[in-house]
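**Student:** okay, here's the prediction I keep looking at, along with the sequence it came from:
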Amino acid sequence: MARCGRVIFALFVLPVAACADSNDASPAGVAALNSWKPSGLRPVRVLIVDGARKVRVRSAGTIYVVNEDGIRVDALEAKKWHNVEYRAPDKLVVVNKTCPPGFALECDGKHALTLSRHERGAWSDPRNYPGGFELQTTERALRLLNLVDIEQYVAAVVAYEVWPTFQTETYRAQAVVARTYALYEMLQRQGRAYDVRATQSSQVYRGLREDVVGRRAAEAARFTRGIVLSYVHDGTEELFCTYYSAACGGVTQSATVFGERGDIPPLAGGVHCDYCAIAPGETYRWGPVRMKLREVYDRLAKRYPDLRALGGLRCVEVESDGTTGRPFSFRLRGSNGKSESMPAERFRMTVGPDKLKSSDFKISCSGGDITFSDGRGFGHGIGLCQWGAEGQARLGRRADQILLYYFPGARIKKAYD
């Protein structure tokens with residue numbers, strides 16, 4: 001493994017990234033991955049539909065209905081739409097036939113599955129997905145997972161997580177980050193309903209993309225196949241959650257803002273970065289943003305009803321700074337004299353990331369208004385800075401150099417061939 005790591009440094013260019021639901025369990029060791037071969041790697045379980053009552057599927061080839069024992073029990077005609085409807089927590093109907101939750105739909109390896117969901121009285125635009133679908137149920141609706149090969153998943157994520165014009169090295173860095181994040185989540189979430197969501201709460205995944213961007217992303221996945229980021233903890237080499245955001249705004253922050261793993265060097269933050277200054281629009285710097293205190297209070301109280309005890313919002317103040325000077329928590333001053341503390345990232349996401357591009361800003365209150373000014377960066381600012389990675393790539397830096405810059409103390413390893 002050490003020898004492989006040295007070869008990888010010489011041959012690969014890699015960036016680190018990922019955002020996802022945090023897990024309390026400690027990371028599994030890379031050693032556990034070393035025995036995995038391509039044929040032994042289970043598919044990534046991506047939650048792509050959650051809460052629908054009806055979806056439809058089709059494919060250029062025959063679609064097979066597979067029971068929980070892996071046996072094909074039915075075949076659906078090619079090139080036709082086939083409806084799947086929720087009837088009860090223990091009942092789904094597939095083309096007028098009742099099936100229990102947990103069954104899957106699969107095609108041969110040559111054809112993708114096309115999916116459309118019924119919402120607001122109309123069918124959504126169809127999207128193509130590799131692999132198969134597993135159908136589950138909740139108390140009120142169906143839940144659909146895409147079971148997809150890890151490398152196909154990585155290519156699809158890269159196609160939507162980077163700008164189309166980014167450098168090849170930035171694409172390759174993103175591929176390593178996306179792969180590490182997915183494997184980390186797969187190990188953390190064994191025994192749970194799914195591994196990752198298809199949204200920004202994990203990584204953006206929209207199935208197959210076959211244009212130029214999709215081909216560039218697929219090349220990045222092939223070039224970095226099996227490559228992951230790790231670190232040594234108490235003598236054991238482990239994966240870690242490879243966070244990333246659009247732009248750090250000048251310095252990365254610690255993962256402790258999410259309550260996890262900020263104690264390890266790759267996620268400790270404090271990496272200075274002016275490379276993301278190349279980002280367009282209000283990505284590197286933003287503001288001012290003015291809002292009514294009443295609007296901010298309503299948004300906070302809707303998400304956290306206990307805050308209604310404040311009786312309104314008089315002002316918001318920085319309560320504590322992180323190690324990099326970026327706000328770590330805010331103090332909410334109520335109209336009735338009471339106050340509450342709130343983590344900075346929770347405040348930003350509740351007020352709205354459409355309003356507050358990051359949690360690194362200055363605050364002033366006047367009358368019934370609140371102003372957020374001198375905003376820096378776009379996103380949480382942990383781990384890989386995507387525009388910073390692009391800035392470094394434009395200067396000729398390789399993916400491995402970029403990754404190790406934003407994740408100090410990390411190692412680049414090959415988990416499987």
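**Tutor:** The structure has been received and is ready for your questions. Numbers count the residues shown, from 1 in each chain.

**Student:** and the host helix or strand of Met349, what does it pack onto?
**Tutor:** Following DSSP states H and E, the helix or strand that holds Met349 is helix 344-351. In this structure, helix 344-351 packs against helix 293-303, strand 327-334, with contacts taken as 3 or more C-beta pairs under 8 Å, 6 or more residues apart in numbering; DSSP states H and E. C-beta here means a position set from N, CA and C on the backbone, and glycine is covered the same way.

**Student:** among the ones you listed, which is the most enclosed?
**Tutor:** The highest mean neighbour count among those, using mean count of other C-beta atoms under 10 Å, belongs to strand 327-334: a mean of 20.

**Student:** what angle do it and helix 293-303 make?
**Tutor:** Interaxial angle, strand 327-334 versus helix 293-303 (axes from the mean of the first three to the mean of the last three C-alpha atoms, to 10 degrees): 100 degrees.

**Student:** what's the spacing between Ala389 and Glu319?
**Tutor:** Counting by C-beta to C-beta, to the nearest Å, the gap from Ala389 to Glu319 is 32 Å.

**Student:** please say which of the two ends up with more neighbours.
**Tutor:** For Ala389 versus Glu319, the count of surrounding residues by other C-beta atoms under 10 Å is larger for Ala389: 33 against 16.

**Student:** three-state assignment of the more buried one?
**Tutor:** helix (DSSP: H, G, I helix; E, B strand; the rest coil).

**Student:** what about it, distance to Leu404?
**Tutor:** 12 Å.

**Student:** domain map for the chain?
**Tutor:** 2-38+151-262+380-414, 44-148, 285-376 (automatic domain parsing).

**Student:** re the thing from before, could I get the helices and strands packed on helix 344-351 as CSV with distance to Gly377 and mean pLDDT?
**Tutor:** Listed next are these as CSV, based on distance: least, C-beta to C-beta, whole Å; pLDDT from 0 to 100:
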stretch, distance to Gly377, mean pLDDT
helix 293-303, 20, 97
strand 327-334, 12, 95
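
**Student:** could you dump the ones you listed to JSON lines with distance to Asn96?
**Tutor:** Converted to JSON lines, these look like this (distance: least, C-beta to C-beta, whole Å):
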{"stretch": "helix 293-303", "distance to Asn96": "42"}
{"stretch": "strand 327-334", "distance to Asn96": "54"}
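
**Student:** which residues in the stretch 251-400 of the chain form helices?
**Tutor:** With DSSP state H, counting those that start in this stretch as the definition, the stretch 251-400 of the chain shows helices at residue ranges 293-303, 344-351, 386-394, 399-406.

**Student:** contacting residues around the residue lying closest to Gly132 once chain neighbours are set aside?
**Tutor:** Excluding its sequence neighbours, the residue lying closest to Gly132 (C-beta to C-beta, 6 or more residues apart in numbering) is Glu106, at 3.7 Å. Contacts of Glu106 were listed using C-beta atoms under 8 Å, 6 or more residues apart in numbering, and they are 63-64, 66, 113, 131-133.

**Student:** can you list contacts of stretch 289-303?
**Tutor:** Contacts for stretch 289-303 (C-beta under 8 Å, 6+ apart): 307-308, 310, 312-316, 332, 342, 347, 350-352, 355-356, 365, 368-373, 375.

**Student:** need the CA coordinates for it. CSV is fine.
**Tutor:** The C-alpha atoms that make up stretch 289-303 are tabulated as CSV, following Å, rounded to 0.1, in the frame of the first residue of the first chain:
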residue,chain,number,x,y,z
VAL,A,289,-28.0,41.5,2.2
ARG,A,290,-30.8,43.3,4.0
MET,A,291,-33.8,41.5,5.6
LYS,A,292,-36.6,42.3,8.0
LEU,A,293,-35.9,40.9,11.5
ARG,A,294,-39.5,39.6,11.4
GLU,A,295,-38.7,37.6,8.3
VAL,A,296,-35.6,36.1,9.8
TYR,A,297,-37.4,35.3,13.0
ASP,A,298,-40.3,33.6,11.1
ARG,A,299,-37.9,31.4,9.2
LEU,A,300,-36.1,30.4,12.4
ALA,A,301,-39.2,29.8,14.4
LYS,A,302,-40.8,27.7,11.6
ARG,A,303,-37.9,25.3,11.6
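
**Student:** got the buried residues for the longest helix belonging to the chain?
**Tutor:** Selection of the longest helix in the chain by residue count, based on DSSP state H, yields helix 168-188. Using 16 or more other C-beta atoms under 10 Å as the test for burial, helix 168-188 gives 169-188.

**Student:** just the C-alpha atoms of it, please, in PDB.
**Tutor:** Extracted in PDB, the C-alpha atoms of helix 168-188 (Å, rounded to 0.1, in the frame of the first residue of the first chain):
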ATOM      1  CA  THR A 168      -9.000  18.400 -16.300                       C
ATOM      2  CA  GLU A 169      -7.100  18.300 -13.000                       C
ATOM      3  CA  THR A 170     -10.000  19.800 -11.200                       C
ATOM      4  CA  TYR A 171     -12.300  17.100 -12.600                       C
ATOM      5  CA  ARG A 172      -9.900  14.400 -11.400                       C
ATOM      6  CA  ALA A 173      -9.600  15.900  -8.000                       C
ATOM      7  CA  GLN A 174     -13.400  16.000  -7.700                       C
ATOM      8  CA  ALA A 175     -13.600  12.400  -8.700                       C
ATOM      9  CA  VAL A 176     -11.300  11.300  -5.800                       C
ATOM     10  CA  VAL A 177     -13.300  13.400  -3.400                       C
ATOM     11  CA  ALA A 178     -16.600  12.000  -4.600                       C
ATOM     12  CA  ARG A 179     -15.400   8.400  -4.400                       C
ATOM     13  CA  THR A 180     -13.900   8.800  -0.900                       C
ATOM     14  CA  TYR A 181     -17.100  10.400   0.300                       C
ATOM     15  CA  ALA A 182     -19.300   7.600  -1.100                       C
ATOM     16  CA  LEU A 183     -17.100   4.800   0.300                       C
ATOM     17  CA  TYR A 184     -17.000   6.500   3.700                       C
ATOM     18  CA  GLU A 185     -20.800   6.800   3.700                       C
ATOM     19  CA  MET A 186     -21.200   3.200   2.500                       C
ATOM     20  CA  LEU A 187     -19.200   2.000   5.400                       C
ATOM     21  CA  GLN A 188     -20.900   4.200   7.900                       C
END
